[in-house]
Every structure is written in structure tokens, then in C-alpha cells.
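In: got a predicted structure plus its sequence, pasted below:
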Amino acid sequence: MKIILGSSSATRQEILREMGYDFEVVAVDVDEKKIRTDDYHELPLAIARAKAEALKAIVKEPAILLTADVIAVFDGKVLEKPEDAEDARRTLKGYSDKMAEAVTGVVIVDTKNGQTIEGTDISKVYFKEIPDEVIEKIIKKGNILNCAGSFEIRDPLVRKYIDRVDGTDESVAGLPVEMVRNMLEKIGRKPERKETFPNDERKIR
């Protein structure tokens, strides 16, 4: 059975491809703002479940569905995608010399037998001081408006101002490699190709 990734995220697609999997992409439309939980560590998993349900309604053939969601948690608050450039600017300024958590939820469903596997992964990102002029350059690129927590960890400009990550950059980007690999193997799927991570660098040290 083919793997279907229920995400329009170019970064998730890149990571899954680097893991050696062949897959198709079917984007799903879920109103994430309407999904709330009392525990923010449960929120991305709840959103990933909603995406999986939406994907099951679209995909009619037997397949392995993979959905995911990531949020940033900073200063006790949940940070999803920024509302606008000013929201992103305020968030990036706040990160200087502080730590933010990236919480990722993943759901994998085998539509043939109904088997479902879920998982949550948490990484901690420790920032250096981010100069105002760098923040403006990051915002000007425009892509962070689609990023939870207003930053893309794979952006070289952002990584320069990250002191360390307790976890992996793939997890922060929204698809934790080790967890997803284990989940897919439990459901009976191994990579079709050799993993091809750039420069074999999976962690920021």
C-alpha cells in the first residue's frame, strides 16, 4: 500500500523523502483554531487526529495515512502560525536568550485494517540573542508566516541564532524522524530507499 502524507508542508515532504519513503501528498483542510485542549502537549496530536479523519474521508483506496502537526510553546503559551508580520516580529524578539518547546503530534492509519498509531515528540530550542536587523530579514523572506512559532529551524539564517536543540531539527520542523520511522515499521513499512539526510546532520549541537 502506498503512503499518503496529509500535509502541504514542503518541509515535512522533504524530511519524509530524506527518510527514504515514497509517498503521495493529499492536503487536507482543517480549521485548527477550533481544536483546543486543556493540555498544550495534547494539542498537536488532537489536530493530527482531525487531519487523519479528514484524509480518510478523501482517500477511498487502501493506504497508509500519515498526518502531523507542530506547535511552539513559549513562556507558558501556545504559539501556532503567526497572525501577521508584527506577530512574528514580536515572537522572534521574545526568543532572544530564551528557550521554546516544539511539540509535534503524529498519527498513522492503515485504512485496510484500521490500525492506528499515535505519538508525540517534544524538542527544546535554546536561542541566542537575535538582532533586530536579522529578525527583519527573516520576516522579509515571508515563509515564517506559515511556521508554528514564527521560525523555520532549517533556515540557515535562523539556525545561526540557535545555541542548541535538545532533540532534533526534524522534530522541530514537524516530523520527528526516529519516532515516525518506528511507527511506520510497526505498521509494516520500511524505507524504499536509503536515507539521504544532507551531510548526515540530524542534530544541532
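Out: The structure has been received and is ready for your questions. On a predicted model such as this, the values are computed, not experimentally measured, just so you know. Residues are numbered from 1 along each chain as shown.
In: what's the separation between residue 125 and residue 164?
Out: 8 Å (CB to CB, to the nearest Å). (Each C-beta comes from the backbone N, C-alpha and C, glycine too.)
In: who's more crowded, the two?
Out: residue 125 (25 against 14; other CB atoms under 10 Å).
In: sec struct for that one, please.
Out: Secondary structure assignment for residue 125 (DSSP: H, G, I helix; E, B strand; the rest coil): strand.
In: packing partners for the longest helix along the chain?
Out: The residue-count maximum for a helix in the chain (DSSP state H) belongs to helix 43-58. Packing partners of helix 43-58 (3 or more CB pairs under 8 Å, 6 or more residues apart in numbering; DSSP states H and E): strand 64-74, strand 99-110, strand 116-127.
In: low-confidence stretches in this structure?
Out: Across the chain, the ranges flagged by pLDDT under 70 are 197-205.
In: centre-most residue in it?
Out: Centroid-nearest residue in the chain, with CA atoms, centre = their mean: residue 174, separated by 1.2 Å.
In: what's the separation between that residue and residue 104?
Out: 6 Å.
In: so for those two, which residues contact both of them?
Out: 68-70 (CB atoms under 8 Å, 6 or more residues apart in numbering).
In: may I see the buried residues of stretch 98-110?
Out: 99-110 (16 or more other CB atoms under 10 Å).
In: also stretch 159-169?
Out: Here stretch 159-169 shows 161-162, 165, 167-169 as buried, counting by 16+ other CB under 10 Å.
In: so can I have TSV of those showing secondary structure and distance to residue 131?
Out: Output for the buried residues of stretch 159-169, formatted as TSV (DSSP: H, G, I helix; E, B strand; the rest coil; distance: CB to CB, whole Å):
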residue	secondary structure	distance to residue 131
161	coil	8
162	strand	14
165	strand	20
167	coil	25
168	coil	26
169	helix	22
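In: okay if I get these as a markdown table plus distance to residue 38?
Out: A markdown table is the format used below for the buried residues of stretch 159-169 (distance: CB to CB, whole Å):
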| residue | distance to residue 38 |
| --- | --- |
| 161 | 33 |
| 162 | 30 |
| 165 | 27 |
| 167 | 24 |
| 168 | 28 |
| 169 | 29 |
